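*Asks:* Next input, structure requested:
(one chain, ligands or ions: 3)
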Amino acid sequence: MNETLRAPRLMHAPADHPPVPAAKIGILIANLGTPDGYDYWSMRRYLNEFLSDKRVIDYPSWKWQPILQAIVLTKRPFSSGANYKLIWNTEADESPLMTITKAQVAKLAAEVATRYGSEVMVDYCMRYGNPSTKSVVDRMVKAGCEKILFFPLYPQYAGATSATANDEFFRAMMTQKRQPAVRTTPEYFDHPLYIEALAQSVERGYAALERKPDVLVASYHGMPKRYLMEGDPYHCQCQKTSRLLRERLGWDKGAIDTTFQSVFGPEEWLKPYTVEHVAELARQGKKHIAVISPAFSADCIETLEEINGEIREAFEHAGGESFTYIPCLNDDDAHIAALMAVIGDNLAGWIR
Ligand SMILES: C=CC1=C(C)c2cc3[nH]c(cc4nc(cc5[nH]c(cc1n2)c(C)c5CCC(=O)O)C(CCC(=O)O)=C4C)c(C)c3C=C
Ligand SMILES: [Fe+2]
Ligand SMILES: [Fe+2]
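*Replies:* Ligands and ions are numbered 1, 2, ... in the order given. Next up, the predicted model:
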């Protein structure tokens, strides 16, 4: 057993003493969350929780809630549900984000067991929907985790993703009688192994093509431009990821275009918008493109349906000829190696 994990235990506890589990370290992987089904009520429950989060939509409740409840949640569960149906993993009856998260966590758990032994456990939770952050924190504490490393799988920090995941984690801590020591991992948008994993995925994608694309579009999830102006570093971190990827690939300036997708509501979002940009590329004669989405650690509705469906159609409609979607890093070994490096860095001092 690792020395740093050895904690004083009650060897001869009296009969009426509650059980004392062996001390553990927990690594809690978090992702955004996904609906339990694509039917109206599952979609409504999920979207209601998501779109009521002030880190995501920061309008005052008195203004936003009537619009959300009376307009958005009467229509969007149908349109989004229809999109989820297109990509649903029918075998497991779950969304791809869930299937891929489970695969990532299984590989990480195996790596962690090899590297650190059975005193370090790995589990996952979602910010919205199931399994809830609180339910998994409760389980980890019950299992004896006296230290928890919380790891939201967003390479680029955003208030709407990393911060709200952390908020939910801290809320779960507020109800613990025996509160563990906790750490949250910082963003890893410039981690050399993350950039390496992205580069390898591009090289793999390009090796399978007969003709090299005219441009690689790096499409990131968008957010209102106002959030950038108010200090959210997400936009800058996305730009830096694209630059580091281009440098690692040894490509000239201009070989990767950085764009933003998934505009929601009437405000201006980060530009250029992917859907408009790819159509413009086709009109300019760049008729062969590839698209990668570095902000998503797992393929999901935004990549499988929006990028590889709607955005592909916009490109083809504008005269584009070949559109190659490069999948997210998912459970690629190079991705797991990058995540393990982030975990290792952030366990420093807790374990050798
Ligand atoms: C409305 C505001 C939204 C902001 C701001 C936002 C930021 C943001 N989101 C991700 C990652 C994901 N978003 C996903 C789905 C999704 N996102 C929004 C809205 C905002 N996201 C909605 C309404 C939805 C649901 C789908 C829909 O109805 O269109 C997902 C996929 C979940 C899945 O089940 O597959 C991810 C992942 C990032 C990285 C981000 C950063 C700024
Ligand atoms: Fe989103
Ligand atoms: Fe910026």
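*Asks:* how about the residues of the chain that lie near ligand 3?
*Replies:* Proximity of the chain to ligand 3 (CB under 5 Å from the ion) is limited to residues His235, Cys236. Just so you know, the C-beta spots here come from the backbone N, C-alpha and C atoms, and that holds for glycine as well.
*Asks:* Where does pLDDT dip in the chain?
*Replies:* 1-12 (pLDDT under 70).
*Asks:* What parts of it come near ligand 1?
*Replies:* 32, 34, 56-57, 76, 80, 95, 97, 154, 158, 160-161, 221, 223, 234, 262, 264, 295-296, 300-302 (CB under 6 Å from any ligand atom).
*Asks:* Could you report the distance from Val141 to Gly26?
*Replies:* Relative to Gly26, Val141 is positioned 8 Å away (CB to CB, to the nearest Å).
*Asks:* Now for these two: what residues contact both?
*Replies:* Contact criterion CB atoms under 8 Å, 6 or more residues apart in numbering; residues shared by Val141 and Gly26: Pro180.
*Asks:* And for Glu94, the neighbour number?
*Replies:* 17 (other CB atoms under 10 Å).
*Asks:* tell me the contacts of it?
*Replies:* Contacts of Glu94 (CB under 8 Å, 6+ apart): Thr34, Trp88.
*Asks:* Renumber starting at 661 from here on
*Replies:* All set: I'll call the first residue 661, so the last point we hit is now Glu754.
*Asks:* Can you give me the separation between it and Ile760?
*Replies:* 10 Å.
*Asks:* element containing the closest residue to ligand 3 within the stretch 761-910 of the chain, please.
*Replies:* Residue of the stretch 761-910 of the chain nearest ligand 3, by CB to the ion: Cys896 (3.5 Å). In the assignment (DSSP states H and E), Cys896 maps to helix 894-909.
*Asks:* So what's the gap between the helix or strand that that helix is followed by and the chain middle?
*Replies:* Tracing the chain past helix 894-909, the next element assigned as helix or strand by DSSP H and E is strand 916-921. Computed by CA atoms, centre = their mean, to the nearest Å, the chain-centroid distance of strand 916-921 equals 18 Å.
*Asks:* Against which helices or strands is strand 916-921 packed?
*Replies:* Here strand 916-921 touches strand 875-881, helix 894-909, helix 934-943, going by 3 or more CB pairs under 8 Å, 6 or more residues apart in numbering; DSSP states H and E.
*Asks:* Output the shortest one as CSV, nothing but the C-alphas.
*Replies:* Read that as strand 875-881. Output of strand 875-881 as CSV, limited to C-alpha atoms (Å, rounded to 0.1, in the frame of the first residue of the first chain):
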residue,chain,number,x,y,z
VAL,A,875,-8.4,23.6,-44.9
LEU,A,876,-9.0,22.1,-41.4
VAL,A,877,-11.8,23.8,-39.6
ALA,A,878,-11.5,23.6,-35.8
SER,A,879,-15.1,24.1,-34.6
TYR,A,880,-15.5,24.9,-30.9
HIS,A,881,-18.8,25.1,-29.0
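*Asks:* Following the chain past that strand, name the next helix or strand.
*Replies:* helix 885-889.
*Asks:* how distant is that following helix from the center of its chain?
*Replies:* Centre-to-centre, helix 885-889 and its host chain are 20 Å apart (CA atoms, centre = their mean).
*Asks:* Likewise for stretch 754-773?
*Replies:* 13 Å.
*Asks:* May I see the buried residues of that stretch?
*Replies:* Neighbour-count burial for stretch 754-773, counted by 16 or more other CB atoms under 10 Å, picks out 754-761, 764-765, 767-769, 771-772.
*Asks:* can I get the helices and strands packed on strand 916-921 in CSV with mean neighbour count?
*Replies:* Shown next, in CSV, are the helices and strands packed on strand 916-921 (neighbours: other CB atoms under 10 Å):
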stretch, mean neighbour count
strand 875-881, 25
helix 894-909, 19
helix 934-943, 21
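*Asks:* Can you give the contact residues for the helix or strand containing Asp827?
*Replies:* Following DSSP H and E, one finds Asp827 within helix 824-833. Here helix 824-833 makes contact (CB under 8 Å, 6+ apart) with 688, 690, 692, 713, 715-716, 787, 793-794, 797-798, 810, 812, 814, 839-840, 842, 844.
*Asks:* The same query, at a cut-off of 10 Å, please.
*Replies:* With CB atoms under 10 Å, 6 or more residues apart in numbering as the test, helix 824-833 has contacts from 688, 690-693, 710, 713-716, 785-788, 792-798, 800-801, 808, 810-814, 818-819, 839-840, 842, 844-845.
*Asks:* can you tell me which of these are in helices?
*Replies:* Those of those mapping onto helices are Phe710, Thr793, Lys794, Ser795, Val796, Val797, Asp798, Met800, Val801, per DSSP state H.
*Asks:* give the contact list for the last one.
*Replies:* Shown here is Val801, whose contacts under the criterion CB under 10 Å, 6+ apart are Pro681, Lys684, Gly686, Ile808, Ala832, Met833, Thr835, Gln836, Lys837, Arg838, Gln839, Pro840.
*Asks:* separation between Ala997 and ligand 1?
*Replies:* 22 Å (CB to the nearest ligand atom, to the nearest Å).
*Asks:* does that residue really touch Ala857, like I thought?
*Replies:* Yes. Between Ala997 and Ala857 there is a contact at 7.3 Å, judged by CB atoms under 10 Å.
*Asks:* follow-up on the earlier one: can you tell me which of the buried residues of stretch 754-773 end up in helices?
*Replies:* Taking DSSP H, the ones among the buried residues of stretch 754-773 that sit in helices are 756-761, 764-765, 767-769, 771-772.
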